[in-house]
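Peer 1: Pasting the sequence and the predicted model now:
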Amino acid sequence: MSILDFFRSKKKSINSDDSVFEDLNAKSENSTVSADFFIDNQQPVEEVDESKQTNPLDDFMSHNYEWNGYNDGYDNPDSEYLERKLRLIRSDFRIAIDKCIDIRRSEVGELRLHLIQTKGISDRLELQLNERIRHIEELVNVLDTQKILSIEDEGFVSSAIQSYRIGFIKGLEKYQQNKLFVGNSGLFN
């Protein structure tokens, strides 16, 4: 029976440790932190890092148009489907260009307001702001030119259009090979 007494004594010591934790929990429930301890009473708000915002044109160019064309050529071997998808690619490109232009124009507006607020303070700052505005306006002109060139599948959009066409033709060829193989084998006749 001495062995059983040994186990009973362990159980009692564990129960006595639980009472210590209960006392600590009771003390922590009763104590509250004063609101004066904090600097502000507002919830933290996540700030959007402007450098992490994606450029709509970069998003457009990052698509794998050849792979999309391959899948579409295999699944929908139709020339009308190809033309509709090419129009959609051109349209998506123009939308991305318009978004980029809007972003740049709002940036120019903010810089002009900043220029007005800081006018007369520093000649060097004024020159820097004017140069930045000029640079952004040149970029807007380039984007406008790319938008016009997209009508004839030229400019930045040409790589997406050509990649899609190449992929579509490859998918169509694979479809034709599979169809020819199935037709010649006589398995499904």
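Peer 2: That came through fine. Numbers count the residues shown, from 1 in each chain.
Peer 1: Can you spell out which helices and strands pack onto the lengthiest helix in the chain?
Peer 2: Taking DSSP state H as the criterion, the chain has its longest helix at helix 79-118. Other helices and strands packing on helix 79-118, by 3 or more CB pairs under 8 Å, 6 or more residues apart in numbering; DSSP states H and E, are helix 56-61, helix 65-75, helix 123-149, helix 157-185. C-beta: built from backbone N, CA, C; applies to glycine.
Peer 1: residues of the third one that come out buried?
Peer 2: It stands for helix 123-149. Going by neighbour count (16 or more other CB atoms under 10 Å), the buried part of helix 123-149 is L129, I133, I136, V140, L143, Q146, K147.
Peer 1: ok, back up a step: quick one, which of the helices and strands packed on helix 79-118 gets closest to L86.
Peer 2: Judged by CB to CB, the one of those that comes nearest to L86 is helix 157-185, at 6.1 Å.
Peer 1: that older thread, could you give the average pLDDT over the longest helix of the chain?
Peer 2: Average pLDDT, helix 79-118: 95.
Peer 1: what angle separates that helix from helix 65-75?
Peer 2: Compare the direction of helix 79-118 with that of helix 65-75 by axes from the mean of the first three to the mean of the last three CA atoms, to 10 degrees and you get 150 degrees.
Peer 1: Using a markdown table, lay out the helices and strands packed on helix 79-118 together with distance to H114 and mean pLDDT.
Peer 2: Converted to a markdown table, the helices and strands packed on helix 79-118 look like this (distance: least, CB to CB, whole Å; pLDDT from 0 to 100):
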| stretch | distance to H114 | mean pLDDT |
| --- | --- | --- |
| helix 56-61 | 24 | 92 |
| helix 65-75 | 39 | 95 |
| helix 123-149 | 6 | 95 |
| helix 157-185 | 34 | 89 |
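Peer 1: would you turn the ones you listed into a markdown table with distance to C100?
Peer 2: Listed next are the helices and strands packed on helix 79-118 as a markdown table, based on distance: least, CB to CB, whole Å:
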| stretch | distance to C100 |
| --- | --- |
| helix 56-61 | 5 |
| helix 65-75 | 19 |
| helix 123-149 | 6 |
| helix 157-185 | 13 |
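Peer 1: between those, which gets nearest to I103?
Peer 2: helix 56-61 (7.9 Å).
Peer 1: which outside residues touch that closest one?
Peer 2: Residues from elsewhere that reach helix 56-61, judged by CB atoms under 8 Å, 6 or more residues apart in numbering: D92, F93, I95, A96, I97, K99, C100, I103, L143, F156, S159, A160.
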